[in-house]
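> Based on what follows, work out the 3D shape:
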Amino acid sequence: MRCFLLLWFVLMGGTALAQGPALLRGIVVDAETKQPIPNAQVGVAGNRIGTSTNEDGRFVLSITPEYQGEQLEVALLGYRKYSRSLPPLPGPELRIELRLSPAALGEVQVTASVEGIVREAVARIPRNYPRQATRLTGFYRESDNDPSGKPRYLVEGLLTVFKQPYQVRTGKGEVQIQQSRKVDLRPQTLVRIDWAGGPFIAHMADFVHSRAQFIDPTNFRDYSYRLAPGSTYADRPVYVVTFEPRPGNRRANFAGRMYIDQDSYAFLGAEWHYTPSGLRSGIHQADARELRVAYQPYAGRWHLKTVWWQTRYRPPVGEPLLYFGEFLTTAIDTAQVASPSYLERAQYRDVFLHNPVPYDSAFWHSQTTLLPPAAVQQALLDQRRQQRADSLFKQQKGLPATAGADGPAVSASTTAPESSAMRWLSRVRYGASAGAWPLSVSASGLAVDYAPVGTTFRAQGSAGVASQQLTGWWSAEYQFDLTAKLAVRLATRRVFRQFSGDGWEAGFSYEHNLNPRHRPLYGRAGLAYTRQTLGRAVGTFENTSGDLRVGGTRLNADELSMALQSTTDAVQPKLGLGLELSHKVQLVADVGYLLPLRTRTQLQLEEESGFFLTRSSAAITLPSADVSLRVNDQPATAAPWQQQRWLLSFGLLYRLR
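Predicted coordinates:
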């Protein structure tokens with residue numbers, strides 16, 4: 001009986017093992033040159049699972065039992081599609097040879113008919129592409145390599161991409177990150193330049209949806225179109241149309257080729273690069289940038305299939321950046337589905353770099369990946385690093401810390417723990433605001449006579465003051481989060497219009513999310529100590545004494561400016577609202593109430609010549625025996641304006657990390 005049970009357990013274990021995922025390894029080469037082909041798209045079961053070849057033409061796919069009897073397909077622009085049944089797995093590395101599409105059409109000069117082909121394809125976009133919202137599921141991968149080719153970081157994610165109908169011209173849309181993982185080998189520094197393409201490339205690179213410049217009829221006059229060699233793409237007869245800027249044209253931002261179906265005039269794909277003028281425009285200020293996009297048929301319409309992009313950029317500081325990214329659609333849903341809520345949607349600038357989605361090792365255990373280079377593979381195999389990263393992540397989320405799951409190289413990844421400096425930096429926010437400073441001013445004339453005793457210097461100036469109730473101001477603000485809700489803040493402020501003057505405030509700010517299930521709307525409350533100076537210039541004078549001393553300050557410049565100013569110290573309670581525009585940017589509006597502690601009127605003297613960092617200034621508090629002030633020809637000791645209580649401000653706050 002014991003022997004029978006032992007044999008039964010062995011057989012059951014073997015059966016369970018046989019039913020697990022199996023690895024398919026292969027290399028894709030050119031049938032004529034025998035050279036490896038990078039970035040070829042490899043898919044199984046109609047791309048329900050897939051990957052692409054690395055720089056050596058190799059790929060690895062994790063094939064689950066339900067797909068081990070399906071078709072394997074390999075495709076790349078300019079080559080015939082390769083298709084065959086999957087071989088028995090596991091097995092030796094599969095060698096796949098791709099053949100170039102036959103050249104049937106010779107290159108011709110620019111003609112109206114070639115441009116007419118493109119115009120017809122644009123006109124048929126509503127007929128060939130979805131007329132209702134659709135949802136794509138797919139994998140996104142991105143990496144950055146150093147100049148020697150070694151990776152600095154690698155990210156992967158399972159995405160849900162929500163597409164608007166193609167009648168609407170847009171390069172924007174919503175993306176939801178279902179799963180993501182990252183390995184980051186870059187040193188932690190205070191200053192680092194990231195050129196992350198991000199998962200929104202699935203929208204921005206969709207040239208049909210956005211009507212890219214080279215298929216926009218309003219820009220046809222900037223491009224030359226020609227028929228190029230080649231007649232098939234994805235085993236379909238196509239027009240291969242090349243495009244480039246017309247001679248001497250600097251408005252055309254792209255050059256490349258596109259593939260247009262001869263029967264339906266649908267855009268099946270395109271590959272292009274940025275011209276020098278394109279690289280200088282907008283956010284694309286890089287040394288080189290290339291893209292490749294393909295579409296696939298489903299339910300009578302054409303949908304985005306793949307996006308591949310590459311960017312080379314040499315930043316002002318640091319090493320050159322070499323970025324690769326790709327998106328591969330694995331499922332298409334044409335049913336009417338609700339868009340994700342704000343909290344579920346990814347944001348443009350913080351996805352992947354902060355990796356907000358909890359890492360699920362069980363999910364990644366059965367997923368395919370790009371074949372990682374040695375440096376990344378070694379990092380992924382370092383289980384102790386994985387355990388520290390998982391533990392840190394769970395501590396940050398308030399979960400019990402446990403060791404990371406043990407698994408193969410393709411199943412382990414997250415970022416290494418950040419340095420303490422990076423964690424402190426993530427609490428910093430800065431921003432700018434503008435508003436109205438409450439000030440009651442009556443129309444009046446000012447006359448100032450300054451004749452310090454014991455000197456030959458004398459200045460007599462005058463100025464008119466117009467009636468007003470408010471004066472404008474702008475402010476730069478810096479904030480450090482002590483907790484998730486409480487922050488300490490410092491702001492500098494400058495007023496404008498007919499008055500000038502600087503000020504500052506320092507205090508605390510508290511905010512609470514009033515809308516936790518949707519886009520965050522924060523109620524804000526604060527308390528600050530503030531000082532503000534308001535001044536009116538009354539003239540510029542020659543310093544005839546050459547060495548004037550005011551309150552212990554030496555003023556020896558050739559010219560001195562003089563202004564009548566008031567300085568107010570106050571306590572300022574504030575209430576307001578903050579609306580999150582993205583995970584890093586917040587729109588704020590505050591109302592404050594000034595409780596003045598003291599206000600003093602001063603005569604301000606400042607040097608007007610010399611290097612601005614070495615210019616000195618001094619203030620004389622009124623009343624003073626050296627100063628005679630007249631307001632509307634009447635003796636006075638105070639400025640003819642009065643500080644009011646209410647002030648209003650609007651601004652933006654930006655989080656560093």
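> switch to C-alpha atoms for all contacts and neighbour counts from now on
OK.
> Secondary structure element holding residue 606?
Using DSSP states H and E, the element containing residue 606 is strand 595-607.
> helices and strands around that strand, which ones?
The contact analysis (3 or more Cα pairs under 8 Å, 6 or more residues apart in numbering; DSSP states H and E) places strand 595-607 against strand 559-580, strand 617-621.
> Out of these, which one sits most buried?
Burial of the helices and strands packed on strand 595-607 is given as mean neighbour count (mean count of other Cα atoms under 10 Å); strand 559-580 ranks first at a mean of 20.
> re earlier: name every strand pairing with the strand holding residue 606 and say which way it goes.
Sheet pairing of strand 595-607 (DSSP bridges) gives strand 559-580 (antiparallel), strand 617-621 (antiparallel).
> that older thread, compare the mean pLDDT across the helices and strands packed on strand 595-607 and name the weakest.
Across the helices and strands packed on strand 595-607, strand 617-621 has the smallest mean pLDDT, namely a mean of 91.
> which helices and strands does the following helix or strand past that strand pack with?
Note on strand 617-621: by DSSP H and E, the next helix or strand toward the C-terminus is strand 627-631. The helices and strands touching strand 627-631, judged by 3+ Cα pairs under 8 Å, 6+ apart, are strand 444-450, strand 634-636.
> can you list the weak-confidence ranges in the stretch 501-650 of the chain?
Within the stretch 501-650 of the chain, the ranges that satisfy pLDDT under 70 run 612-613.
> thinking again about what came up before, can I get the strands paired with strand 595-607 in a markdown table including distance to residue 643?
Compiled in a markdown table, the strands paired with strand 595-607 are given as follows (distance: least, Cα to Cα, whole Å):
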| stretch | distance to residue 643 |
| --- | --- |
| strand 559-580 | 8 |
| strand 617-621 | 18 |
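> looking at those strands, which is closest to residue 269?
strand 559-580 (37.3 Å; Cα to Cα).
> Who are the packing partners of the helix or strand following that closest one?
Downstream of strand 559-580, the first helix or strand assigned by DSSP H and E is strand 585-593. Strand 585-593 sits against strand 559-580, strand 646-655, with contacts defined as 3+ Cα pairs under 8 Å, 6+ apart.
> between the longest one and strand 627-631, how many degrees?
Calculated by axes from the mean of the first three to the mean of the last three Cα atoms, to 10 degrees, strand 559-580 forms an angle of 60 degrees with strand 627-631.
> Using PDB, list the CA coordinates for strand 559-580.
Taking Å, rounded to 0.1, in the frame of the first residue of the first chain, the C-alpha atoms of strand 559-580 are listed here in PDB:
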ATOM      1  CA  GLU A 559      22.600 108.300  -6.600                       C
ATOM      2  CA  LEU A 560      20.100 107.500  -3.900                       C
ATOM      3  CA  SER A 561      16.400 106.800  -4.400                       C
ATOM      4  CA  MET A 562      13.800 107.800  -1.700                       C
ATOM      5  CA  ALA A 563      10.400 106.300  -1.000                       C
ATOM      6  CA  LEU A 564       7.700 106.700   1.600                       C
ATOM      7  CA  GLN A 565       6.700 103.300   2.900                       C
ATOM      8  CA  SER A 566       4.600 101.500   5.600                       C
ATOM      9  CA  THR A 567       5.600  98.200   7.200                       C
ATOM     10  CA  THR A 568       2.900  96.100   8.800                       C
ATOM     11  CA  ASP A 569       3.300  93.100  11.000                       C
ATOM     12  CA  ALA A 570       0.300  90.900  11.400                       C
ATOM     13  CA  VAL A 571      -1.100  87.500  12.400                       C
ATOM     14  CA  GLN A 572      -3.000  85.900   9.500                       C
ATOM     15  CA  PRO A 573      -5.500  83.000   9.900                       C
ATOM     16  CA  LYS A 574      -6.500  81.500   6.500                       C
ATOM     17  CA  LEU A 575      -9.200  79.300   5.000                       C
ATOM     18  CA  GLY A 576      -9.300  77.800   1.500                       C
ATOM     19  CA  LEU A 577      -9.700  75.000  -0.900                       C
ATOM     20  CA  GLY A 578      -7.200  72.900  -2.900                       C
ATOM     21  CA  LEU A 579      -8.100  70.900  -6.000                       C
ATOM     22  CA  GLU A 580      -5.700  68.200  -7.200                       C
END
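> ok, residue 236 - contacts?
Contacts for residue 236 (Cα atoms under 8 Å, 6 or more residues apart in numbering) come out as residue 261.
> separation between residue 475 and residue 533?
14 Å (Cα to Cα, to the nearest Å).
> residue boundaries of the helices in this protein?
2-18, 112-123, 125-128, 201-204, 207-210, 276-280, 361-365, 374-381, 383-396, 420-425 (DSSP state H).
> in the stretch 1-150 of the chain, which spans are strands?
With DSSP state E, counting those that start in this stretch as the criterion, the stretch 1-150 of the chain has strands at 22-30, 41-44, 49-52, 58-63, 71-75, 82-85, 94-98, 134-145.
> Near residue 53, how many other residues are there?
22 (other Cα atoms under 10 Å).
> List the residues that contact it.
Neighbour list for residue 53: 27-28, 37-42, 59, 370-371 [criterion: Cα under 8 Å, 6+ apart].
> Surely residue 213 is in contact with residue 219?
Yes. Between residue 213 and residue 219 there is a contact under Cα atoms under 8 Å: 6.2 Å.
> Pull up the overlap in contacts between those two.
residue 252.
> ok, the two, which is more surrounded?
residue 213 (17 against 13).
> any idea how far residue 220 is from that one?
Note on residue 213: its distance to residue 220, by Cα to Cα, is 8 Å.
> Which residue lies closest in space to residue 79, excluding its sequence neighbours?
Residue nearest to residue 79 in three dimensions, not counting chain neighbours: residue 100, with 4.2 Å by Cα to Cα, 6 or more residues apart in numbering.
> let me redo that: residue 509
Residue 509's closest residue in space is residue 526 (Cα to Cα, 6+ apart), at 4.2 Å.
> Go ahead and confirm the one you found touches residue 506.
No. Using Cα under 8 Å, residue 526 makes no contact with residue 506, being 10.2 Å away.
> Can you name the residues bridging to residue 327?
residue 140, residue 307.
> Which residues are in contact with it?
So residue 327 contacts 138-141, 199, 201-202, 306-308 (Cα under 8 Å, 6+ apart).
> same thing but at 7 Å, please
138-141, 202, 306-308 (Cα atoms under 7 Å, 6 or more residues apart in numbering).
> same thing with residue 525?
Residue 525 neighbours (Cα under 7 Å, 6+ apart): 509-511, 574-576.
> Likewise for residue 346?
175-177.
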